[in-house]
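In: When you get a sec, could you give me coordinates for this:
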Amino acid sequence: MAESKGKVLIVDDEQSIRDSISALLKKKGFDVEVAANGEECFQKIEDSLPHLVLLDYKLSGENGLDILRKISDKWVEIAVIMLTGAGAEDVRLAAESIKNGAYEYIPKPPDFTVLPILIEKTIALHRERLERNMAEERHKIELEKGNKRLEDIAVDLNREKQRLEDSMKELLERNKELEKAQKAKTEFLANVSHELRTPLNVIIGFSTLLLDEVKEPLTEKQTRYVENVLGSGRRLLRLIDDILDLSKLELLKVDVNYDEFSLPQIIDDALLMVKENAEKKNISIRADIDKELNSILTDERKFKQIIFQLLDNAVKFTPEKGKAAIDASIMKREDLLKDKALAGSVSPIHDGDFLKFVVSDTGIGITEDDQKRLFISFEKIDSGYTREYEGTGLGLVLVKRLLELLGGNIWVESEFGHGSRFNFVIPYYKEFNLDFCLEKGINDARRNQLPFSLIMAMIENTNDLKKALNEEGYKKAVGDIERLFKNDLRGRKDAVCIYKEKIVGITAGADKKGAEAIMLRIKRSLQKHKFTPLHPESPNLQTGAEWSIQGGVTGFTEKGVKIKVKIKIGTASYPDEAITKEELLNTAEERALGEKENGA
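Out: Numbering: from 1, shown residues only. Predicted coordinates:
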């Protein structure tokens, strides 16, 4: 038996129409029921729910639209096609039927060749619509459930957020208390250490005098006692010095004083300081310094302290007849960046090369667990293999803090029983140039959480001035502007550099408003300045020529002929307006050229 194409209910008050359509549809494979009025229609629907109702618009004493509305409201799963013989009113009735839920509107008698196809398509379309509506309904329900879950999650998140905010607030308060306590402890240690230095120096001084046997010789026993006192005093003094240095670093009371010095000489000095202890243990020390490294630019005292501490440790932890070495070389930035952990721990703004130093020894080595504690304050490695060696656990902590201050870092490579290699890097600066000054300014500002600014002066008509003043006279004029900058900056840490024939002043601690005030001061100074030419006999410039600003343009006056010196000035501030060297320079230059307003 063939599968039914669907159930159809024919509702018409004309027997002939019902019978003819019923016979046709049964022949085409549909299950068919018939009804003559609305009451029979609803009963048939209740008894056997059809897929489609073929409904006459005008039944005896009934309006087909009313029946349509009821079917559409109560049985959404039934499709309806309207039949009518209304003639001229077809268009209006068709619109009414479709509006009230009918799929199609066809005239009576229907076209028997088209009707079965239309009914089959309508049933299929209605099924699709029902499935789509059901899917949409399910989706809507899922969305509502999802939204409810999201609302519940949002409530939980808000509750958790409030809890975290409360915890964070409490943590911040505790951190403030801890910082306050840490600062008090550090200041106390610094004060106590400072007070201990004076009596200790007295003890050391008198012990040295006793050993010198100025008046009468000491007995062997007395000498041994005095040597013990002197040795203990020196060790205690070194501990106090370490505590003082560490306290200053923690309290941010340490300045970095850059200077140019000979690297080989510093290393020779450090080797000389450990020579006596090395000779006592018959330890040989080798130094290998890259031939390109003659003079470097960094804080000499702090660098020497780092080198000495590492060499002293190498000698201390190396047994008799062992070896120690120090190597110095240039490390390319790209090589440093290959090690992500190391690259992230050095100065992020230095885009040049680095100096790499390696202090190695054939000593006792360090276990992997102990390596993790090397750079923690007062965490002296207290394993059995180190107990015979004196120390406080501060030396390497100081080294790491000092290197961080210089924009570098330190790491260790060691295997227990096979010696150690302490590697450290610092930025390689060759001279006091703009690059160096900017990096130093940004590093200091970051460390001390202070602003800093640069002020750039640009001479626009450089070629005209060189012709009028000759090369030497032009340099003298630029030198005058540079000196005016230095006088008006005034800060101890301020600097002035020449950058691509631009004069750049760097002002430590000055924010945007401060930089603008200094810029105005510089402009006033240029206005008042009297320029003296390099040579009175200069054919292009007479003695007594005057440097002045008129209408915002600086110029020389020579026998009534004005030689204009066009100077434009712009500022840029860290961190409000720029955070990198390039951004600072570009912002200041744009402002000087008028592409960006000062203070914008």
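In: going forward, measure contacts and count neighbours with C-alpha atoms only.
Out: Fine.
In: who's in contact with Thr122?
Out: Applying C-alpha atoms under 8 Å, 6 or more residues apart in numbering to Thr122 gives the contacts 79, 103.
In: pLDDT averaged over the helix or strand that contains it - what is it?
Out: According to DSSP states H and E, Thr122 maps onto helix 115-212. Averaged over helix 115-212, pLDDT sits at 80.
In: Please work out which residues outside whichever strand or helix holds Glu96 touch it.
Out: For Glu96, the element it lies in under DSSP H and E is helix 90-99. Applying C-alpha under 8 Å, 6+ apart, the contact partners of helix 90-99 are 65, 68, 82, 84, 104-105, 107.
In: Just the C-alphas of the next helix or strand after that helix, formatted as CSV.
Out: Per DSSP H and E, helix 90-99 leads on to strand 104-107 as the next helix or strand towards the C-terminus. Extracted C-alpha coordinates of strand 104-107, given in CSV (Å, rounded to 0.1, in the frame of the first residue of the first chain):
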residue,chain,number,x,y,z
GLU,A,104,-3.6,30.1,-0.7
TYR,A,105,-6.9,31.4,-2.1
ILE,A,106,-8.3,29.6,-5.2
PRO,A,107,-11.6,30.0,-7.1
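In: which strands and helices sit next to strand 104-107?
Out: In terms of contacts (3 or more C-alpha pairs under 8 Å, 6 or more residues apart in numbering; DSSP states H and E), strand 104-107 is packed against strand 79-84, helix 90-99.
In: any chance of the ones you listed in TSV, with distance to Glu131 too?
Out: Listed next are the helices and strands packed on strand 104-107 as TSV, based on distance: least, C-alpha to C-alpha, whole Å:
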stretch	distance to Glu131
strand 79-84	13
helix 90-99	20
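In: Let me know which of these is tucked in deepest.
Out: Most buried of these, by mean neighbour count (mean count of other C-alpha atoms under 10 Å): strand 79-84, with a mean of 25.
In: chain center to it, what's the gap?
Out: 70 Å (C-alpha atoms, centre = their mean, to the nearest Å).
In: That one vs helix 115-212, what angle?
Out: 150 degrees (axes from the mean of the first three to the mean of the last three C-alpha atoms, to 10 degrees).
In: quick one: strand 79-84 to helix 90-99, angle?
Out: Going by the same axes, to 10 degrees, strand 79-84 is angled at 160 degrees with respect to helix 90-99.
In: Please enumerate the helices of the stretch 401-550 of the chain.
Out: Along the stretch 401-550 of the chain, the segments classed as helices by DSSP state H, counting those that start in this stretch run 434-448, 462-489, 512-528.
In: between those helices, which one is nearest to Cys497?
Out: Nearest to Cys497, of all the helices of the stretch 401-550 of the chain, is helix 434-448, at 5.5 Å by C-alpha to C-alpha.
In: got a list of contacts for the closest one?
Out: Against helix 434-448 from outside (C-alpha under 8 Å, 6+ apart): 252, 347, 349-350, 407, 429, 450-452, 495, 497-499, 504, 506, 508-509, 574, 579, 581.
In: ChimeraX command for the buried members of those?
Out: For the buried members of the contacts of helix 434-448, the matching ChimeraX selection, counting by 16 or more other C-alpha atoms under 10 Å, is:
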select :347,349,350,407,429,450,451,452,495,497,498,504,506,508,509,574,581
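In: Pull the contacting residues for Arg124.
Out: Not Arg; residue 124 is Ala. By C-alpha under 8 Å, 6+ apart, the contact set of Ala124 is empty.
In: Let's see that with 10 Å instead.
Out: 5-6, 51, 79, 118, 130 (C-alpha atoms under 10 Å, 6 or more residues apart in numbering).
In: With adjacent residues omitted, what lies nearest to Ser420?
Out: Sequence neighbours aside, Ser414 is the residue nearest to Ser420 in space, at 4.3 Å (criterion: C-alpha to C-alpha, 6 or more residues apart in numbering).
In: What separation do you get for the one you found and Leu310?
Out: For Ser414, the distance to Leu310 (C-alpha to C-alpha, to the nearest Å) stands at 14 Å.
In: Mind checking which of those two has more residues around it?
Out: Of the pair Ser414 and Leu310, Leu310 is the one with more neighbours under other C-alpha atoms under 10 Å, namely 22 against 19.
In: For the more buried one, which non-adjacent residue is closest in space?
Out: Leu310's closest residue in space is Val359 (C-alpha to C-alpha, 6+ apart), at 6.6 Å.
In: Just the mean pLDDT for the helix or strand containing that neighbour, thanks.
Out: Assigned by DSSP H and E, Val359 belongs to strand 354-361. Averaged over strand 354-361, pLDDT sits at 93.
In: what does stretch 514-528 give?
Out: For stretch 514-528, the per-residue pLDDT values average out at 83.
In: same deal with stretch 495-509?
Out: 79.
In: Just the C-alpha atoms of it, please, in CSV.
Out: The C-alpha trace of stretch 495-509 is given here as CSV (Å, rounded to 0.1, in the frame of the first residue of the first chain):
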residue,chain,number,x,y,z
ALA,A,495,71.6,67.3,30.2
VAL,A,496,72.0,68.9,26.8
CYS,A,497,72.9,67.0,23.6
ILE,A,498,73.3,67.8,19.9
TYR,A,499,71.1,65.5,17.7
LYS,A,500,71.2,66.0,13.9
GLU,A,501,72.0,69.7,14.3
LYS,A,502,69.2,70.0,16.8
ILE,A,503,69.8,71.1,20.4
VAL,A,504,68.0,68.8,22.8
GLY,A,505,67.6,69.5,26.5
ILE,A,506,66.6,66.7,28.9
THR,A,507,64.9,67.8,32.1
ALA,A,508,64.7,65.2,34.9
GLY,A,509,61.5,65.4,37.0
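In: Return the distance of that stretch from the chain's centre.
Out: Using C-alpha atoms, centre = their mean, the distance from the centre of stretch 495-509 to the centre of the chain it belongs to is 27 Å.
In: Would you mark the buried spots in stretch 255-273?
Out: Using 16+ other C-alpha under 10 Å as the test for burial, stretch 255-273 gives 258, 263-264, 266-267, 270-271.
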